[in-house]
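dropping a prediction and its sequence here:
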Amino acid sequence: MAVYAIGDLHGCFEELKALLRKIAFNPKNDKLWFVGDLLSRGPDSLGCLRFIRNLGDRAVATMGNHEVRAILGLSGNYDKDFSAYMTFFNDIPDRDELYKWLRSLPLVHQDPELGITMIHAGLPPNWTIADAVVRSNKLAKIFADHEQTKKFLAHPLPKPTNNEPDHDDEIPWLKFALATLTRIRYCTKDGVLISPKEVRTSGLLDKTGHPPKDSPYQAWHQHRSWQPNEKIVYGHWAMAGLTIGHHSLGIDSGAVYGGKLTAIQLDHPEHPITQVDSGTYLVM
Ligand SMILES: [Mn+2]
C-alpha cells in the first residue's frame with residue numbers, strides 16, 4: 001500500500017502513464033492524489049480526466065484554477081477562453097458526467113491518518129487549515145448544484161483580490177476563497193495577495209525571479225507560522241518548480257512546459273520522489 005501525490009498534469013496523459021509504470025502503481029493497493037490542473041494546455045486532457053475519474057476511490061483530486069475555468073464553461077456561462085482553448089469538451093458523449101465529476105472535486109483534501117492536506121495553490125498565512133476547510137465545504141455545497149454553480153461563477157471569474165471581503169458578504173467572501181485556494185503564490189504575512197499581473201508590473205521580483213528578502217511579498221508558505229503537525233502538498237507553481245520543505249511540498253515541476261512530471265510518496269517518512277521527463281508542449 002502506497003499513497004502518491006502527482007503534480008499538475010495539464011493533459012500530459014502519456015507522461016502520467018509512464019510515471020505510474022515507474023512507481024509500479026497498483027490500483028488494488030495504492031492511492032493517487034492529484035493536486036489539480038489536470039486539464040488544458042497539454043495534448044490529452046480528456047485522457048487524464050477519464051482515467052482519474054475511472055479510478056473511483058483510488059484517486060482524489062483537488063480543484064485547480066483550470067478546473068474552475070472548465071466548470072465555468074460547462075455550466076453554460078460564456079467564457080471566451082473556455083470556447084477557444086477547451087474545445088476538447090465539444091461533442092463528447094460523457095460531457096455531462098465529466099462536468100458533474102469536476103464539480104465534485106474538493107478545494108481542500110485532508111487525510112488525518114497521514115496528517116497531510118492537499119490544496120491546488122495554497123492558503124494565506126493568516127488562515128488555519130480549518131479555515132480553509134470551512135470555505136472548501138461551503139464551496140462544495142454550491143458546486144453540488146448546477147444552477148447554484150452557474151450563478152456563482154457568472155462572469156467575471158473570481159480573481160484574487162488584495163483583501164478578503166467581509167465574512168457577512170458570503171458570495172464575494174467565497175469567491176475570494178475560491179480564487180485564493182486555486183491561485184495564491186505571493187502574499188504578505190497578513191494574507192494580502194498580489195496578482196500575477198501585479199507581480200509582473202511591480203518590479204517585485206529580482207534577477208533570480210524571486211522577491212528581494214526585504215519585500216513584504218513572499219511565497220505563501222514562507223510567511224506561514226507552521227504548526228508542528230501541519231503538512232501541505234500543492235501545485236500551481238511551475239515557475240518555482242519542485243519546492244520541498246518540512247511543512248510544504250510543492251510538486252508542480254512544469255510537465256506541460258517540457259519539465260518533469262512528479263510523484264511524491266506521502267505515506268513514507270522521507271517522501272521519496274519519482275519523476276519522468278515530459279514533451280515540450282508549451283514554452284513557459
Ligand atoms: Mn494552477
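Arrived safely, thanks for sending.

in terms of helices and strands, where is the residue nearest to His167 when sequence neighbours are not counted?
Leaving aside its sequence neighbours, His167 sits nearest to Trp173 (CB to CB, 6 or more residues apart in numbering; 5.5 Å). For the C-beta atoms, the positions are set from N, CA and C on the backbone; glycine is no exception. Per DSSP states H and E: Trp173 is located in helix 170-183.

thinking again about what came up before, hmm, the residue nearest to His167 is touching Pro165, no?
Yes. Assessed by CB atoms under 8 Å, Trp173 is found in contact with Pro165 at 4.9 Å.

what mean pLDDT does stretch 203-211 have?
Across stretch 203-211, pLDDT averages out at 77.

roughly how far is it from the heart of the chain?
Per CA atoms, centre = their mean, to the nearest Å, the displacement of stretch 203-211 from the mean C-alpha position of its chain is 24 Å.

using CSV, list the CA coordinates for it.
The C-alpha trace of stretch 203-211 is given here as CSV (Å, rounded to 0.1, in the frame of the first residue of the first chain):
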residue,chain,number,x,y,z
GLY,A,203,9.3,45.2,-10.1
LEU,A,204,8.7,42.8,-7.2
LEU,A,205,11.0,40.1,-8.5
ASP,A,206,14.8,40.4,-8.6
LYS,A,207,17.0,38.9,-11.3
THR,A,208,16.7,35.5,-9.8
GLY,A,209,12.9,35.6,-10.2
HIS,A,210,12.2,35.9,-6.5
PRO,A,211,11.1,38.9,-4.4
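
what residues sit buried inside that stretch?
Neighbour counts over stretch 203-211 (16 or more other CB atoms under 10 Å) mark Leu204, Leu205, Pro211 as buried.

pLDDT below threshold where in the stretch 101-250 of the chain?
Across the stretch 101-250 of the chain, the ranges flagged by pLDDT under 70 are 196.

which parts of it sit against the ion?
Applying CB under 5 Å from the ion, we find that the stretch 101-250 of the chain lies next to the ion at His236.

before we move on, what SS does Leu32 have?
Following DSSP: H, G, I helix; E, B strand; the rest coil, Leu32 is assigned to strand.

could you check the pLDDT of the residue nearest to it when sequence neighbours are not counted?
Among residues not flanking Leu32 along the chain, Ala59 sits closest, at 4.5 Å (CB to CB, 6+ apart). On pLDDT, Ala59 comes in at 98.

cool, and the one 3 residues further on?
Thr62 carries a pLDDT value of 98.
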